[in-house]
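Peer 1: Need coordinates for the following:
(2 chains)
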There are 2 protein chains.
Amino acid sequence: MDVMFMITCGRYIRSILYLLLLISVQFGPHAVEGVWPLPQAFTSSPERYPVNSQDFYFVYGRQSAAQQGCSVLDTAFKRYFSLIFPDHNSGSINQHMYLSHSTTRNGHNGSPADRLSWTIYLVPFCVPDNLSISAGKASLNAETVWGAVRGLETFSQLVYQDDFGSYFVNKTEIDDFPRFQFRGILLDTSRHFLPVQAILKTLDAMAYSKFNVFHWHIVDDPSFPYQSSTFPDLSSKGAFHPMTHIYTQSDVRRVISYARLWGIRVLPEFDSPGHTTSWGKGQPGLLTPCYKGGTPSGTFGPVNPALPSTYRFMARLFKEVSSVFPDSYVHLGGDEVDFHCWRSNPDVRVFMQKMGFGGDFTKLESQAFVLQRTSLSVVEVWRAGCYLCEVRRVVKAGLRVILASPWYLDQPGPTHNWARYYTVWPLAFKGSEEQKKLVIGGEVCMWGEYVDATNLTPRLWPRASAVAERLWSDEKQTSSVDKAFPRLQDFRCKLLRRGIQAEPLYVGHCKHEYQGI
Amino acid sequence: MDVMFMITCGRYIRSILYLLLLISVQFGPHAVEGVWPLPQAFTSSPERYPVNSQDFYFVYGRQSAAQQGCSVLDTAFKRYFSLIFPDHNSGSINQHMYLSHSTTRNGHNGSPADRLSWTIYLVPFCVPDNLSISAGKASLNAETVWGAVRGLETFSQLVYQDDFGSYFVNKTEIDDFPRFQFRGILLDTSRHFLPVQAILKTLDAMAYSKFNVFHWHIVDDPSFPYQSSTFPDLSSKGAFHPMTHIYTQSDVRRVISYARLWGIRVLPEFDSPGHTTSWGKGQPGLLTPCYKGGTPSGTFGPVNPALPSTYRFMARLFKEVSSVFPDSYVHLGGDEVDFHCWRSNPDVRVFMQKMGFGGDFTKLESQAFVLQRTSLSVVEVWRAGCYLCEVRRVVKAGLRVILASPWYLDQPGPTHNWARYYTVWPLAFKGSEEQKKLVIGGEVCMWGEYVDATNLTPRLWPRASAVAERLWSDEKQTSSVDKAFPRLQDFRCKLLRRGIQAEPLYVGHCKHEYQGI
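Peer 2: Numbers count the residues shown, from 1 in each chain, chains lettered A, B, ... in the order given. Predicted structure coming up:
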């Protein structure tokens, strides 16, 4: 199991939001298309309203605490305008962005009755966010700006084009909230370097499936692409290439701020004390020299616990990391530490005696590296086998759990095995309601042995979307693979339309095939 | 097994070629990089010559039968100039294309001794094509223009950049020829439609691995995207979409002429009498009505052999196909015919009696559909299991064989299983030399159930390149997976540099990562 470590504690600031969305309204019959992941409560009717990009405006409502200048929503408006109207000339988006309240009330471009108004409220209680589209009125109540961004995604999926290219949206009522608060995707940028552009594109696709955590497994044995300001040698000597295969401080900031605008947290992982081979190149003396037959063998093991310099280095590095990455958590890895090298090293053995660990290297690992910094906070379950047994053990100990075992998507496989990732029941273990609440979510792991920017996207999508629905939607309404299949096929076509290279589920076609080749 | 059917017989026209390639020459040491697929005979030295795009010219030599105006080589020069110098501003390629012989002799841009001259001869005997690079002289002897194109590919792979971006080529001697004459890739455009651009991009990548046959499995059960001039309803009713998911006559001509310039034949397959569900939509009465309990069940089976209209239709369609596709072969498919429906239909049973086939539906299949048009010419072995047993059976019957069974790359799998496709020994069966000569090659099959333009390229490359080396190179020199691995890794980086989205073989990096995302 991986170990997750809390540095500070924070929550998104809440404020009352009220958003108005103005679109022209007419009537006509059409079957509504689906939303992925499935909202908690969803009703729609065949009554449809034409949507015209020329008459479409996002408007902050009068009662909304957020107003123009709220960067998250301002940006979301721009993005979703383009996503809702993919044919629209992007040059004229801005002029269609805002309409002042008074203009609305004064009946500019027609009277209010001709329009749908879409509203986002923040409600300071735990009620479902709500989206309502009807004749002359479309409103969204959201508790947070992040909920509003999710609501914009839902709305964008409800707008469709007919065979002649005209846009429509059907009369719809939606109450929605995520089942789990933690819905993550791990990318591994150490085994292969992923250009920043590939990461940003993945963040786009994550938002479309309502993922909200980017778990950045940024360094590992093969390479150290993070350019540390405190220890620049770590990347200049430990990256695949010191100039072209690194993430500068500016790259990292760009990823974090881009993710934030999609409502996605960036959870950095600096896996240690194992998985640190690349660290040793830029930090001589950090790794444990392994011994064979009483003499150093020339190879190195995990971080050397016997030297005080190790702890000074780790403290300085993690101080930098926690200031660069604003998220309240840093993932410490802590997995797969090989004890053979530690055991072979006489200095480590002396240190063990001194610390009173006896021969228990797990104690050395946890007390020297993890627990000296914080108490264990959240546990990620990643081992194969009976992962629910493991989940049960962890929640019994009163710790929170993130489930990863069933969602290792780096393993290639036929796309139709998406059902394997869909039919996972994270709470199907014996336990109290309180214990089940400790399962805070799950994540898709895209390890990098066989994955880089060439195949990341088709390997991730739409299979990760299957996981997204499991983590977002009500389990009872989404237990059938057969019912989900046509909806997922439809969603996959939406991803193609948005330029996401999502691979096919089976024989068939999309109206707009992928053209990016 | 599939059945291949010869319509006409033809050979590429041979002519004497002499090509001169002029590049500036200096000296310096550098390790030579590899060529994939491995040439038959290859020697190189650390002696290296700088190559400067400003001083680089393709020149048709005095003794060459081909001269400026030979479209295949003129185009190849342009393409390979860009491939050799990826950093070069493409706007100025043309001015660097040609230098007349007299200019060369007159020492324009330096005396001849300063240059490498690269020559392509056609030799009217079966000798290996030869490429020789030494101080002041680089020459290529080729029997055909197609051999010259392959030689340009080899040359382009020999040019490399140092860390400062300067280009070099090492002193090299190469004798080369393909082990097998038929080196194909099958694409399936019926289960998913592949945009023309995806096909052209695949043809590019095929040429880089020296494949020479594009087996176009153009129609099948799910859709009929070929727009027939004789029977336009076949695509207007049988394609996924009658406008956006079809190949017009112009598209087909474009694919054929593009492939030709790379030295790639286009072998069309119109699989019948089974695998024809989509044909029935635009051609009522073509398919056999299936019966259940003595009455038509409403479903349809293979093409109906009992109606004379069927044969008239097939003759007209294949007449068109053989005029649109200039290749001397058309692949007839003929696989997986389900006899249940034929057996259920009383008209078919009457026809069987009339024809004297008794109860033998294989006779009906072969005599009514295949052998009425031609004698069996080449057999494709595609069944799993002991495919060499099947190969042996076919060559014993005196027929030529194309091997496909071990190379079904549409099956996703870990990329490192490329070795499975590499360690295939097509001639490892008991047989005479004459019989082994009947194995004329092999092909990669990329069926379309789970493949479209989103994942075609990473699923195909570099695994198909492993097959390419098996089909091109000497078996004894390429029997070791361990020796091949670093060369294939290097070649995969070359594919990335050329914009081919080839997936990684294992942990590591390329100097120029894929940026096309």
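
Peer 1: okay, CA-based contacts and neighbour counts for the rest of this
Peer 2: Fine.

Peer 1: you'd agree residue A:390 is up against residue A:381?
Peer 2: Yes - shown here, residue A:390 and residue A:381 form a contact pair, counting by CA atoms under 8 Å, at 6.9 Å.

Peer 1: so where do the helices sit in the stretch 51-200 of chain A?
Peer 2: All helices of the stretch 51-200 of chain A, identified by DSSP state H, counting those that start in this stretch, fall at A:71-84, A:101-105, A:145-158, A:196-208.

Peer 1: Identify the residues contacting the next helix or strand along the chain from the last one?
Peer 2: Scanning the chain past helix A:196-208 towards its C-terminal end, the next helix or strand to appear is strand A:213-219 (assignment: DSSP states H and E). With CA atoms under 8 Å, 6 or more residues apart in numbering or on different chains as the contact definition, strand A:213-219 has outside contacts at A:182-190, A:203, A:224-226, A:259, A:264-271, A:276, A:278.

Peer 1: With adjacent residues omitted, what lies nearest to whatever residue of the stretch 201-350 of chain A ends up closest to chain B?
Peer 2: Ranked by CA to the nearest CA, the top residue of the stretch 201-350 of chain A for proximity to chain B is residue A:240, at 6.7 Å. Nearest residue to residue A:240 in three dimensions, chain neighbours excluded: residue A:223, at 5.8 Å (CA to CA, 6 or more residues apart in numbering or on different chains).

Peer 1: what does chain A put close to chain B?
Peer 2: Proximity of chain A to chain B (CA under 8 Å from any CA of the partner chain) is limited to residues A:191-193, A:195, A:197-198, A:201, A:222, A:240, A:411-416, A:448-455, A:458, A:501-509, A:513-515, A:517.

Peer 1: Keep only those of those that are in helices.
Peer 2: A:197-198, A:201, A:458 (DSSP state H).

Peer 1: Looking at pLDDT only, which of these scores worst?
Peer 2: Minimum pLDDT for these is recorded at residue A:458 (94).

Peer 1: what sits against that one?
Peer 2: A:501-503, B:454-455.

Peer 1: ditto for residue A:209
Peer 2: Under the criterion of CA under 8 Å, 6+ apart, the neighbours of residue A:209 are A:36-37, A:465, A:468-469.

Peer 1: Ranking by neighbours, what's the top pick from the residues you listed?
Peer 2: residue A:468 (29 neighbours; other CA atoms under 10 Å in any protein chain shown).

Peer 1: ok, that residue touching residue A:208?
Peer 2: No - under the criterion of CA under 8 Å, residue A:468 is not in contact with residue A:208, lying 9.8 Å apart.

Peer 1: re earlier: these two touch, right, the residue of the stretch 201-350 of chain A closest to chain B and residue A:220?
Peer 2: No - taking contacts as CA under 8 Å, residue A:240 lies outside contact range of residue A:220: 11.8 Å.

Peer 1: what are the ranges of the strands in the stretch 301-450 of chain A?
Peer 2: Under the criterion DSSP state E, counting those that start in this stretch, strands of the stretch 301-450 of chain A are mapped to A:329-333, A:376-381, A:400-403, A:439-446.

Peer 1: can you check the stretch 51-200 of chain A too?
Peer 2: Using DSSP E, counting those that start in this stretch, strands in the stretch 51-200 of chain A cover A:57-60, A:115-116, A:129-134, A:137-141, A:160-161, A:167-176, A:182-188.

Peer 1: Including mean pLDDT and mean neighbour count, could these go into CSV?
Peer 2: Formatted as CSV, the strands of the stretch 51-200 of chain A follow (pLDDT from 0 to 100; neighbours: other CA atoms under 10 Å in any protein chain shown):
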stretch, mean pLDDT, mean neighbour count
strand A:57-60, 76, 25
strand A:115-116, 50, 26
strand A:129-134, 83, 23
strand A:137-141, 76, 25
strand A:160-161, 92, 18
strand A:167-176, 92, 21
strand A:182-188, 98, 26
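
Peer 1: want to throw these into a markdown table with distance to residue A:369?
Peer 2: Output for those, formatted as a markdown table (distance: least, CA to CA, whole Å):
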| stretch | distance to residue A:369 |
| --- | --- |
| strand A:57-60 | 49 |
| strand A:115-116 | 56 |
| strand A:129-134 | 41 |
| strand A:137-141 | 45 |
| strand A:160-161 | 53 |
| strand A:167-176 | 41 |
| strand A:182-188 | 22 |
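
Peer 1: tell me how far stretch A:378-393 is from the chain's mean position?
Peer 2: Centre-to-centre, stretch A:378-393 and its host chain are 20 Å apart (CA atoms, centre = their mean, to the nearest Å).

Peer 1: what about it, start to end distance?
Peer 2: Using CA to CA, to the nearest Å, the span of stretch A:378-393 from its first residue to its last is 13 Å.

Peer 1: List the buried residues of it.
Peer 2: A:378-382, A:387-388, A:390-392 (16 or more other CA atoms under 10 Å in any protein chain shown).

Peer 1: Among these, which one sits closest to chain B?
Peer 2: Distance to chain B, by CA to the nearest CA, is smallest for residue A:382 among the buried residues of stretch A:378-393, at 20.3 Å.

Peer 1: Residue B:424 versus the residue lying closest to the closest one once chain neighbours are set aside, what's the distance?
Peer 2: The shortest distance from residue A:382 to any non-neighbouring residue, by CA to CA, 6+ apart, is to residue A:405 (4.1 Å). Distance of residue A:405 to residue B:424, computed by CA to CA: 36 Å.

Peer 1: ok, now residue A:471?
Peer 2: 44 Å.

Peer 1: Comparing the two, which residue is more hemmed in?
Peer 2: The neighbour count for residue A:471 versus residue B:424, taken as other CA under 10 Å, is higher for residue A:471 (28 against 16).

Peer 1: For that one, which non-adjacent residue is spatially closest?
Peer 2: Closest residue to residue A:471 apart from its sequence neighbours, by CA to CA, 6+ apart: residue A:180 at 5.6 Å.

Peer 1: Please list the residues outside the helix or strand where residue A:255 lies that contact it.
Peer 2: Using DSSP H and E, residue A:255 maps to helix A:249-261. Taking contacts as CA under 8 Å, 6+ apart, the residues outside helix A:249-261 that touch it are A:71-72, A:75-76, A:196, A:199-200, A:203, A:214, A:227-229, A:265-266, A:324-325.

Peer 1: At the geometric centre of chain A, which residue sits there?
Peer 2: Nearest residue to the geometric centre of chain A (CA atoms, centre = their mean): residue A:213, 3.0 Å.

Peer 1: In the sheet, which residues pair with the closest residue to that one other than its chain neighbours? Tell me.
Peer 2: Leaving aside its sequence neighbours, residue A:213 sits nearest to residue A:184 (CA to CA, 6+ apart; 4.3 Å). Per DSSP bridges, the residues bridged to residue A:184 are residue A:213, residue A:443.

Peer 1: Could you report the neighbour count for the closest residue to chain B within the stretch 1-150 of chain A?
Peer 2: Residue nearest to chain B within the stretch 1-150 of chain A: residue A:87 (16.5 Å; CA to the nearest CA). Burial measure for residue A:87: 10 neighbouring residues, criterion other CA under 10 Å.

Peer 1: What confidence value was assigned to it?
Peer 2: pLDDT for residue A:87: 84.

Peer 1: Dihedrals phi and psi, it?
Peer 2: The phi and psi values for residue A:87, taken as degrees, to the nearest 10, are phi -90, psi -10.

Peer 1: quick one: it from residue A:62, how far?
Peer 2: 31 Å.

Peer 1: Residue A:178 touches residue A:469, doesn't it?
Peer 2: No - Residue A:178 is beyond contact range of residue A:469, at 9.4 Å (criterion: CA under 8 Å).

Peer 1: List the contacts of the closest residue to chain B within the stretch 51-200 of chain A.
Peer 2: Using CA to the nearest CA, the closest approach of the stretch 51-200 of chain A to chain B is made by residue A:191 at 5.0 Å. Residues in contact with residue A:191 (CA under 8 Å, 6+ apart) are A:220-223, A:447-449, B:507-508.
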